[in-house]
Every structure is written in structure tokens, then in C-alpha cells.
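Everything below, folded, please.
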Amino acid sequence: MTLLLVSPMALADYFSNPMAAYEKLQQLRAENKLPGLARDGVIVPQPLLLEKLQAALNNEQMQVKTLTLTPEKASLQVLARKGVDVLLTLDFKVVAVDWPKRSVTLEYSEATQSGSNSLWGRVLGGVVLTAFETAAGREHLKGAVTDKPYFVNNGKYMTIKLDQIPALQETLNWGVAGYKVFDYVGIKSIATEKDQLRVKLGVF
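Purely as a prediction, here's the structure:
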């Protein structure tokens, strides 16, 4: 999982410039953005995971605001702009990992509210949002990923096909001496804990 968060090119840069690598590691440690090693896997701190989600998802229509991790679930707040600002809260937990198929399945629920900072804006936004949801339905996440083939929605479950995400192609295909590393080592399970994600690794 650490290698999924750091590209092979970045690893090569670290080894080619040890001093810069040391300074970068110190900065990441100070910001709590450095993955940690556990006996059977990797610990991903909340600040690092939030940064990666923001880099992957933020655009003119959507902005990832906060991420909360607890032993029971993860909660992600996303500000979506649909004429009126909408604050979408997604609660989710990982229910299955199928590494041979490079897929992760989440169980999720969602709630919305106006994203305005003013009282009048929240009232007006709430009215507009209610009208929008009545006409278009409440499944905002499902609607947001309809054009992305690596997300498969099935009711309250969302399956993410890692091998179809363009940003992960280089990493997942990374090889040594002609062998793809992630054909032999992969993710067994993912669990949320307080302020961190625990990723258990295994041999396949």
C-alpha cells in the first residue's frame, strides 16, 4: 500500500538524491504524512489519505473538505457546486478486498445539506437542494461516478476497480526483473482506525 501512495518514479528520485530524500522524509514526518510499517502491513495516517483524495478528486465542481477515520467507519465531506453549494457527507467502510481482481468494495451512506456559510444561504440552499433531490433523486455519489468505469455501484455498495484507475496503472504494473511486484504481494484487508487506515498485506 505504501508503494501505491508513492510512484516508482518518485522512489527512483529519492535514491538518486539522498539528501533531498532525507529532507522530504523529515517534512512528511512533521506533517504526519508518512506511512508507517506494522507487523502485517502498513499504517496510512489520515493527513496523507486526505491529501491523496484531494489530489485525485478536487476539481471545479467538487472539493474534498474533511476526512474522519474511526474504528466504526470513515466519513468524507465533499463540497459540490450545482448552482447552489451542496455539502455531501459520505460515511463508508471497507467490506471486501479482492486483490486478484484488484477490487475494493465499500458499504456507504450519504447525506446532504446546503454548503453556504450564511444563515440565509443555508435556508435558500436547503430549499433548492430539496427541489433538486425531488426531481433528480438523492443518490449523489452514484450520479457522480456514472462516467467512471472503475466505480461500480450496487445499491449501498460501491466497488472500486483499482486496475482501471489511470493514476494507478504505472504503480500496479511496476516490475522487477520482468516480474510484476503486485502479482505476488497485495492487499488482504483494509480497516479504519482512529485517525488512520490499517492495510494488511499478504502473498498471493
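
Show the pLDDT at the spatially most central residue of the chain.
Centroid-nearest residue in the chain, with CA atoms, centre = their mean: Leu53, separated by 4.6 Å. pLDDT recorded at Leu53 is 87.

now do Ser116
Confidence score, pLDDT, at Ser116: 46.

Which of the residues in the longest strand anywhere in the chain are classified as buried?
The longest strand of the chain (DSSP state E) is strand 84-98. Judged by neighbour count using 16 or more other CB atoms under 10 Å, the buried positions of strand 84-98 are Val84, Asp85, Val86, Leu87, Leu88, Thr89, Leu90, Phe92, Val94, Val97. Where C-beta positions appear, they are placed from N, C-alpha and C, glycine not excepted.

if I look at the second one, how far off is Thr146?
If you measure Asp85 against Thr146 using CB to CB, to the nearest Å, the figure is 22 Å.

Also the fourth one?
In this structure, Leu87 and Thr146 are separated by 21 Å, where distance is defined by CB to CB.

Same question for Ser189.
As judged by CB to CB, Ser189 and Thr146 stand 29 Å apart.

Same question for Ala20.
Taking CB to CB, one finds Ala20 at 42 Å from Thr146.

would you turn the buried residues of strand 84-98 into JSON lines with distance to Pro35 and pLDDT?
Converted to JSON lines, the buried residues of strand 84-98 look like this (distance: CB to CB, whole Å; pLDDT from 0 to 100):
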{"residue": "Val84", "distance to Pro35": "38", "pLDDT": "64"}
{"residue": "Asp85", "distance to Pro35": "33", "pLDDT": "74"}
{"residue": "Val86", "distance to Pro35": "32", "pLDDT": "76"}
{"residue": "Leu87", "distance to Pro35": "29", "pLDDT": "80"}
{"residue": "Leu88", "distance to Pro35": "28", "pLDDT": "82"}
{"residue": "Thr89", "distance to Pro35": "26", "pLDDT": "87"}
{"residue": "Leu90", "distance to Pro35": "23", "pLDDT": "87"}
{"residue": "Phe92", "distance to Pro35": "21", "pLDDT": "93"}
{"residue": "Val94", "distance to Pro35": "17", "pLDDT": "95"}
{"residue": "Val97", "distance to Pro35": "17", "pLDDT": "96"}
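
Gly155: which of these is nearest?
Nearest to Gly155 among the buried residues of strand 84-98 is Phe92, at 13.4 Å by CB to CB.

Dump the C-alpha coordinates for the longest strand of the chain into CSV.
Coordinates of each C-alpha in strand 84-98 appear next as CSV, following Å, rounded to 0.1, in the frame of the first residue of the first chain:
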residue,chain,number,x,y,z
VAL,A,84,-26.0,26.1,-5.2
ASP,A,85,-23.2,24.8,-3.0
VAL,A,86,-24.0,21.3,-1.6
LEU,A,87,-22.1,19.7,1.3
LEU,A,88,-22.2,15.9,0.8
THR,A,89,-21.2,13.7,3.7
LEU,A,90,-20.3,10.1,2.8
ASP,A,91,-20.0,7.5,5.5
PHE,A,92,-18.3,4.3,4.4
LYS,A,93,-16.4,1.2,5.5
VAL,A,94,-14.4,-1.4,3.5
VAL,A,95,-16.3,-4.7,3.4
ALA,A,96,-14.3,-6.7,1.0
VAL,A,97,-10.9,-6.7,-0.8
ASP,A,98,-10.4,-9.0,-3.8
